[in-house]
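Visitor: My questions concern the predicted model and sequence given below.
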Amino acid sequence: MNYSIAIDGPAGAGKSTIAKLIARRIGFIYVDTGAMYRAIALYFLRKGIDGHDVAAVAAECPNIHVALSYDEEGKQQVILNDENVTPYIRAEEVGRMASVTAAIPEVRAALLELQRDMARTSDVLMDGRDIGTHVLPDASLKIYLTASSAVRARRRYDELRMKGEDCSLEQIEKDIIERDRQDMSREIAPLKQAEDAILVDSSHMTIDEVADAVIAEFEKIK
Ligand code: DC
């Protein structure tokens, strides 16, 4: 039997940083499901398709194939129709589009089996919005990782400034709140804490403190 750890939570809570760190420490495969939704969003952006046009998005889904691979350092690479799109999916507009198109059932259906298959064949640490509630309802451990919108905006702001990008803290917080609203209010697989998930609020915790807390929970059930 494989172990699976589900980490869900809102945008900017630090899921991927923490998940990567934990996966390395315990030797699990890290599956970033947000990257898969971002790859699909990139497809629609490139095609100039309006993400709110449900019929157009649904009609394109059979033409979209997303796969994951891992490079020699173990870093996840996202493949969109045979092209490695990993360098292009982190832009803000891709994240915004991902949140819009992720609400469309055909988009979610295109990724669900791929995500479940990965958990069937390996010990995985999977992060996203609906992993504990929908993708892996029987995950060995479920964490709901959150932080206040002010703290999440500040972290994102610092990250962008480090990259030399010009941005406004106020606008980033507005975007984060809008993304939360969109991800939490959609009809299909909305972001919410699973009943059996452990709540971790990272607002006043360091990355290492969060990783240690999650690993301590994993040790208890292992
Ligand atoms: O975690 P992220 O910012 O890379 O995710 C981008 C968007 O993809 C997010 O706003 C909502 C969607 N998403 C989702 O609906 N379900 C997931 N399991 C992961 C991401």
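Guide: Looks like it arrived, so ask away.

Visitor: How about stretch 72-89 and the ligand, any contact?
Guide: No. No part of stretch 72-89 sits near the ligand under the criterion CB under 6 Å from any ligand atom; the closest distance found is 7.9 Å. Where C-beta positions appear, they are placed from N, C-alpha and C, glycine not excepted.

Visitor: Can you give me the first-to-last residue distance of that stretch?
Guide: The distance separating the two terminal residues of stretch 72-89, taken as CA to CA, to the nearest Å, comes to 20 Å.

Visitor: tell me the average confidence for it?
Guide: Along stretch 72-89, the predicted local confidence has a mean pLDDT of 96.

Visitor: ok, and for it, which residues are buried?
Guide: Neighbour counts using 16 or more other CB atoms under 10 Å place 76, 78, 80, 85, 86, 88, 89 of stretch 72-89 among the buried residues.

Visitor: what packs against the helix or strand that contains residue 158?
Guide: Element membership of residue 158, judged by DSSP states H and E, is helix 149-162. With contacts taken as 3 or more CB pairs under 8 Å, 6 or more residues apart in numbering; DSSP states H and E, helix 149-162 sits against helix 169-185.

Visitor: where does the nearest residue to residue 196 once chain neighbours are set aside land on pLDDT?
Guide: Taking CB to CB, 6 or more residues apart in numbering, and ignoring the residues beside it in sequence, residue 196 has residue 142 as its nearest neighbour in space, at 5.9 Å. At residue 142 the predicted local distance difference test score is 98.

Visitor: still on that earlier bit, max pairwise distance over the buried residues of stretch 72-89: which two?
Guide: Every pair in these was compared (CB to CB); the two farthest apart turn out to be 76 and 88, at 14.4 Å.

Visitor: chain center to stretch 104-123: distance?
Guide: Once both centres are worked out by CA atoms, centre = their mean, to the nearest Å, stretch 104-123 turns out to sit 13 Å from its chain's centre.

Visitor: ok now do the residue nearest to residue 196, which residues does it touch?
Guide: Shown here is residue 142, whose contacts under the criterion CB atoms under 8 Å, 6 or more residues apart in numbering are 5, 6, 7, 8, 131, 132, 194, 196, 197, 198.

Visitor: and residue 193, how many neighbours does it have?
Guide: Using other CB atoms under 10 Å, residue 193 is surrounded by 17 other residues.

Visitor: Test my guess that it contacts residue 199.
Guide: Yes. Counting by CB atoms under 8 Å, residue 193 touches residue 199, with 6.3 Å between them.

Visitor: Filter the contacts of residue 142 down to just the buried residues.
Guide: Using 16+ other CB under 10 Å as the burial test, the contacts of residue 142 include 5, 6, 7, 8, 131, 132, 194, 197 as buried.

Visitor: And the last one, what's its pLDDT?
Guide: What that stands for is residue 197. pLDDT, residue 197: 98.
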